[in-house]
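Asker: Structure of the sequence below:
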Amino acid sequence: MTLRQFEYLVTVVDEGSFTRAAELLHVTQPALSHQIRALERTVGTPLLDRLPRTVRLTPAGRAWVPHARAALAEARRARTAARRAADLEGGELRLATLYSFTLGGLLPPVLRRWRAEHPDVRVDLIEHRHADELRESMARGDADLAIGPDPVNWAGYREVLGVEEFVVVLPPDFAHDGPIDLCALKETGWVHYATTNGLAEVLDNACRTRGFQPRVAVRTEQTAAAPVLAAAGLGPALVPRGVLPDVFDGTVLRPDPPVRRTLVAYAHRAPDPLTAAFVALLAGAGWDA
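Answerer: Residues are numbered from 1 along each chain as shown. Purely as a prediction, here's the structure:
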């Protein structure tokens, strides 16, 4: 079996079609089918069910594909490491993070400085809505480095970057001085997040510690939409401080007690020199916000 066969299998699965996979891989469909069948002979069992209009994984295929993806990711990392060790021009740095980090003021300034110092290194961003998705992505080896909330029971490399502060956003005419106890808003309908957005869990946990479950006035999938909806009067929103622009038409209050989460950079193993240089830039960026 070969990495090319792994790539062919994964592409067929992702495209749901031998025809589309062959076009994407720039091979003929008979050649693609031949390689998949050769892989199945090596494994000793069919990996795909060929249906009239699509293909689907057999139980053996469902067990096999995660290993194929991991092998392809490891090969990609090995190729990148070799290029870096040889000090070739260019190369790439694959970063996995959350949408809220690229939307707000946390990650873009670091990327801007990195680009100025390493103009020939391409950065590929893999963005996720939920911290659990980010952790699963890194467990598959999808990126060189993850930047996000502290992952539970992570056995690999981990570097603490700082603490992310959350604030409560309310309409501009909301009259309140100083920090606000979330209990003061327990009878109010909140701007909540869809369950696909990890901030839904942050809000639920913050309110739970204050003894109530937030009532939902409206749900949004987009982190950037929550403060806009809150400022428009649809209900309070709990948002990362970093996603708010410097000029914002809304009342912004710190919760009391504070709502925070630890931010880290993490990976399977200690970073190579190029990734380590990016981590050093991250660590010096003042992530406490």
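
Asker: pLDDT below threshold where in the stretch 101-250 of the chain?
Answerer: Low-confidence segments of the stretch 101-250 of the chain, defined by pLDDT under 70, are located at 104-105.

Asker: At which residues are the strands of it located?
Answerer: Under the criterion DSSP state E, counting those that start in this stretch, strands of the stretch 101-250 of the chain are mapped to 122-128, 145-149, 157-170, 189-193, 215-220, 237-240.

Asker: Format those as a markdown table; extra columns: mean neighbour count.
Answerer: Where C-beta positions appear, they are placed from N, C-alpha and C, glycine not excepted. A markdown table is the format used below for the strands of the stretch 101-250 of the chain (neighbours: other Cβ atoms under 10 Å):
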| stretch | mean neighbour count |
| --- | --- |
| strand 122-128 | 15 |
| strand 145-149 | 25 |
| strand 157-170 | 20 |
| strand 189-193 | 23 |
| strand 215-220 | 16 |
| strand 237-240 | 26 |
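
Asker: Out of those strands, which is closest to residue 283?
Answerer: Distances from residue 283 to each of those were compared by Cβ to Cβ, and the smallest falls on strand 157-170, at 6.1 Å.

Asker: Format the strands of the stretch 101-250 of the chain as TSV; extra columns: distance to residue 8.
Answerer: TSV is the format used below for the strands of the stretch 101-250 of the chain (distance: least, Cβ to Cβ, whole Å):
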stretch	distance to residue 8
strand 122-128	22
strand 145-149	28
strand 157-170	32
strand 189-193	39
strand 215-220	40
strand 237-240	41
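
Asker: secondary structure class for residue 95?
Answerer: In the three-state summary, residue 95 is assigned as strand, counting by DSSP: H, G, I helix; E, B strand; the rest coil.

Asker: which residues sit in contact with the residue lying closest to residue 110 once chain neighbours are set aside?
Answerer: On the basis of Cβ to Cβ, 6 or more residues apart in numbering, the spatially nearest residue to residue 110 that is not a chain neighbour turns out to be residue 285, at 5.0 Å. For residue 285, the contact set (Cβ atoms under 8 Å, 6 or more residues apart in numbering) comprises 106, 109-110, 161.

Asker: cool, residue 92 as well?
Answerer: Taking Cβ under 8 Å, 6+ apart as the definition of contact, the neighbours of residue 92 are 80, 121-124.

Asker: what does residue 21 give?
Answerer: Going by Cβ under 8 Å, 6+ apart, residue 21 touches 8, 11-12, 14-15, 32.

Asker: now it: how far from residue 55?
Answerer: Note on residue 21: its distance to residue 55, by Cβ to Cβ, to the nearest Å, is 9 Å.

Asker: Quick check: neighbours shared by these two?
Answerer: Looking at what touches both residue 21 and residue 55 (by Cβ under 8 Å, 6+ apart), the common residues are residue 12.

Asker: Could you check how far stretch 181-201 is from the centre of its chain?
Answerer: The chain centre lies 21 Å from the centre of stretch 181-201; the measure is Cα atoms, centre = their mean, to the nearest Å.

Asker: right, I mislabeled it, should have said stretch 190-206
Answerer: Mean C-alpha position of stretch 190-206 versus that of the full chain (Cα atoms, centre = their mean) differs by 16 Å.

Asker: Could I get the buried residue list for it?
Answerer: 190-193, 197-200, 202-204, 206 (16 or more other Cβ atoms under 10 Å).
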